[in-house]
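1. Task: produce atomic coordinates for the following.
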Amino acid sequence: MIIINYVYVKHKLHSCLFYRNMLRAKRTTKSPYARPGRAPAATKKAKASRPPSTVTQPNQVTTATSTVTQPNQVTPDAIPLALSNQPTTSSGIDIPDPLEFEASPTMLSTVAKVQEAGPPCRLLSLPSSSGILEPFEQEVEQLLSASVSHNTQEIYQKGLDSFAQFRKKFNLTEVWPPPIDQLINYIAYLSSKGTTYSTAKTYLAGLSFNIKLGNFPDPCQFFIVKKMLNGFKQLKHRKDSRSPITFPLLVKLIDSLQHVCRNYYEKLLFSSAYGLAFFALLRVGEITTTRANTHSSPLSIENVSISQSSIQITLGKTKTDQHGKGTTMHINSTKHNQVLFHNLLEYATHRPSQTQTSQFLCHMDGSPLTYYQFNQILKKALSFLKLDISTFKSHSFRIGAATSLYMQGTPEQEIKTMGRWKSNAFKSYVRPNTVVL
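-> Model (predicted):
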C-alpha cells in the first residue's frame, strides 16, 4: 500500500486550482507564485448569471457552452479539477493530475531523523565557525582559551563529558543546545548518583558556558533549572569536613619531613612549600604545577625576594586574577614565622641555578614541584604523626592560617586582605572547634 505524502498532494491541488483560475480570468501574473487578485465585479456577475449545468447521463456533463460525453471526463466548471481522473488540457497548457504519479521514496510519507549537531568536541570550539574568516580561526580560539583559566577549562570539560555519557546511556538525541527536558533529567540523574551540589553546579556552569559560546538562549537560566539546583543544594550539600592545619600542627609537620623525605634538599623543598602555603595563605595551585602543564605555576623565581627581615612575593595570573595584573605580598619577620624564614633562606642557597623551569619551587634535578607530590608528602607526614589523613587536604593550610589569625584576634578586614578574599567567604574557613594540635 502506497502512502501519499499529504504535503505534496496539497501543493499540487493549490497549483492546479491557481492555473485554472488564471486561465478562466484570461489574465497573467508576473510570477507563478504571486497570489491571484480578486476577480472583477463584471466577471462575478457573469458567473452568477451563467445557467446551471445539467447532468444528463452518469458519465455526461452538460454546460452552457459544451457537452462532454466521453467517459470519466468532466469540464473544469463542473467539479473541482483536483477530483478529475484525467489530465485536462486548456489553451495548450497541460495541468498534471496530482493523483497520478509514480510512488518514489521521496514522496512516501516517512518519518526520518533530522541530522543534529552534537556538542563541540573541544570546550572552546565554536559550534559554528561559518562567519569566522579562515586566517582568524586560530586567533579566535586562542582569545577564548585565554579568557578562562586552565583549571576551569578542565572542570567544564568534565561537565561536557558527563552530560554526553548521560545522553548516550539513555539514548537521547544529541541536539545542541540541549532541550530543557534533558537538563531536568540530567540534574535528577546527578542527584540519584549521589553527586555533590558543588560538582553538579560546576557541570551545569560548563554546559551554560558552551551554550552561550554558540550565541544560543541558555536553558540553564530557566526557572525550573534554578529551583532544582536550589533543592539539590538543600538535599545534597555536604559540610566541608577539611581540618585546618594551624601553626602548632605546621611545626610538627615540618619536623616530621626529615623522616619521610629522601634527602635534606627535599626536606627544605617541602618545608618551604608548606610554610609559604600557611604564612602567605596561598592556594596550592599558586605554588605548584601539574604534570600536564609544567609552566602553570604563578610563582616564578624572579618574583620571589628573600632577606633576613622580609619576604616579598609577586603572583602572576591566579584564580582570582585571570588578567594577570599581579599581586604582591610582604611578609615581615616576626618571632612567630621564623620557621618560614629559616627554611626559605636555606632552600634558596641550595636551589640549582640552572633549571628547566622558572618555577621557584623545584627539585634538585630542575623539575618543578607538582600538586601530586605536594599532597603525597603531606599524607606521609600526617601518617607519621598518626593523624587521620582523610580530614586533611592541601587546602587545609589556607584554612588553618585563617583560623589561626582569627584566634589571635586579627581584624576580619586584615584577614580578607592577607587571603585576597573579596567577600566574607573566609568566614567559612574559620574553624576553631576543629583545631588539631
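2. Might you report the residue contacts of N337?
-> 275, 279, 331 (CB atoms under 8 Å, 6 or more residues apart in numbering). To be clear about C-beta, it is placed using only N, CA and C from the backbone, and glycine gets the same treatment.
3. what separates the second one from G316, distance-wise?
-> In other words, F279. 20 Å (CB to CB, to the nearest Å).
4. Could you do the first one as well?
-> Between G275 and G316 the distance is 20 Å, computed by CB to CB.
5. more neighbours, those two?
-> Between G275 and G316, counted using other CB atoms under 10 Å, the more crowded position is G275 (24 against 15).
6. How about the secondary structure of the residue lying closest to H395 once chain neighbours are set aside?
-> Leaving aside its chain neighbours, H395 sits nearest to R242 (6.2 Å; criterion: CB to CB, 6 or more residues apart in numbering). Here R242 is recorded as coil under DSSP: H, G, I helix; E, B strand; the rest coil.
7. mind checking pLDDT for R242?
-> At R242, the pLDDT value in this model is 78.
8. Now for it, how many residues are close by?
-> If we define neighbours as other CB under 10 Å, then R242 has 19 of them.
9. just T246 next, same as before
-> Neighbours around T246, by other CB under 10 Å: 24.
10. swap in P352?
-> 12.
11. Once you drop chain neighbours, what's closest to it?
-> Going by CB to CB, 6+ apart, P352 has G366 as its nearest residue, at 5.8 Å.
12. Kindly report the same for T357.
-> T357 sits nearest to P368 (CB to CB, 6+ apart), 4.4 Å away.
13. Is that neighbour in contact with L299, as I believe?
-> No: if you go by CB atoms under 8 Å, P368 and L299 don't touch, sitting 10.1 Å apart.
14. Residues in contact with both of the two, list them for me.
-> Joint contacts of P368 and L299 (CB under 8 Å, 6+ apart) are 359, 361.
15. which residues touch the residue nearest to P352?
-> G366 sits in contact with 352, 354-357, where contact means CB under 8 Å, 6+ apart.
16. Domain ranges for the protein, per the record?
-> 6-47+60-95, 137-236, 247-434 (automatic domain parsing).
17. Need those in JSON lines (columns: mean pLDDT and distance to G131).
-> Putting the domains of the chain into JSON lines (pLDDT from 0 to 100; distance: least, CB to CB, whole Å) gives the following:
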{"stretch": "domain 6-47+60-95", "mean pLDDT": "45", "distance to G131": "30"}
{"stretch": "domain 137-236", "mean pLDDT": "89", "distance to G131": "10"}
{"stretch": "domain 247-434", "mean pLDDT": "86", "distance to G131": "27"}
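18. Provide a complete list of residue ranges assigned to strands in the protein.
-> Taking DSSP state E as the criterion, the chain contains strands spanning 54-57, 60-62, 67-68, 88-90, 93-95, 304-306, 310-315, 327-332.
19. residues of the last one that come out buried?
-> Think strand 327-332. 327, 329, 331 (16 or more other CB atoms under 10 Å).
20. Taking their axis directions, it and strand 310-315 sit at what angle?
-> Relative orientation of strand 327-332 versus strand 310-315 (axes from the mean of the first three to the mean of the last three CA atoms, to 10 degrees): 160 degrees.
21. which strands and helices sit next to strand 327-332?
-> Other elements packing on strand 327-332 under the criterion 3 or more CB pairs under 8 Å, 6 or more residues apart in numbering; DSSP states H and E are strand 310-315.
22. what ranges do the helices span in the stretch 301-437 of the chain?
-> 338-350, 371-384, 396-407, 412-419 (DSSP state H, counting those that start in this stretch).
23. picking up where we left off before, among the buried residues of strand 327-332, which one sits closest to K169?
-> T327 (44.0 Å; CB to CB).
24. for that closest one, which residues make a bridge with it?
-> As for beta bridges, T327 partners with L315 under DSSP bridges.
25. Offset the numbering so it begins at 22, please.
-> Understood, numbering begins at 22; the last thing we discussed is T348.
26. Just give me the closest of the buried residues of strand 348-353 to M439.
-> M350 (7.8 Å).
27. Distance check, the closest residue to the closest one other than its chain neighbours against F381.
-> Closest residue in space to M350, ignoring its immediate chain neighbours: I334 at 4.9 Å, by CB to CB, 6+ apart. Look at I334 and F381: by CB to CB, they are 9 Å apart.
28. again, but for T431
-> Applying CB to CB to T431 and F381 gives a distance of 27 Å.
29. So for these two, which residue has more residues nearby?
-> Using other CB under 10 Å as the criterion, T431 and F381 rank with F381 on top: 24 against 13.
30. I'd guessed the residue nearest to H416 sits against S411; true?
-> No: counting by CB under 8 Å, R263 stays clear of S411, with 9.8 Å between them.
31. show me the contacts for the residue nearest to H416.
-> By CB under 8 Å, 6+ apart, R263 lies in contact with 412-414, 416-417, 420.
32. Could you export the residues you listed as a markdown table, including distance to F187 and neighbour count?
-> Shown next, in a markdown table, are the contacts of R263 (distance: CB to CB, whole Å; neighbours: other CB atoms under 10 Å):
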| residue | distance to F187 | neighbour count |
| --- | --- | --- |
| T412 | 32 | 14 |
| F413 | 33 | 24 |
| K414 | 28 | 18 |
| H416 | 29 | 17 |
| S417 | 33 | 25 |
| I420 | 34 | 24 |
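33. Need the residues you listed in TSV (columns: distance to P240).
-> Output for these, formatted as TSV (distance: CB to CB, whole Å):
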residue	distance to P240
T412	39
F413	40
K414	34
H416	33
S417	38
I420	36
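34. What is the nearest of the residues you listed to P156?
-> Ranked by distance to P156 (CB to CB), the contacts of R263 are led by H416 at 44.0 Å.
35. wait, the closest one sits on G306?
-> No: at 9.9 Å, H416 and G306 do not qualify as touching, with contact defined as CB under 8 Å.
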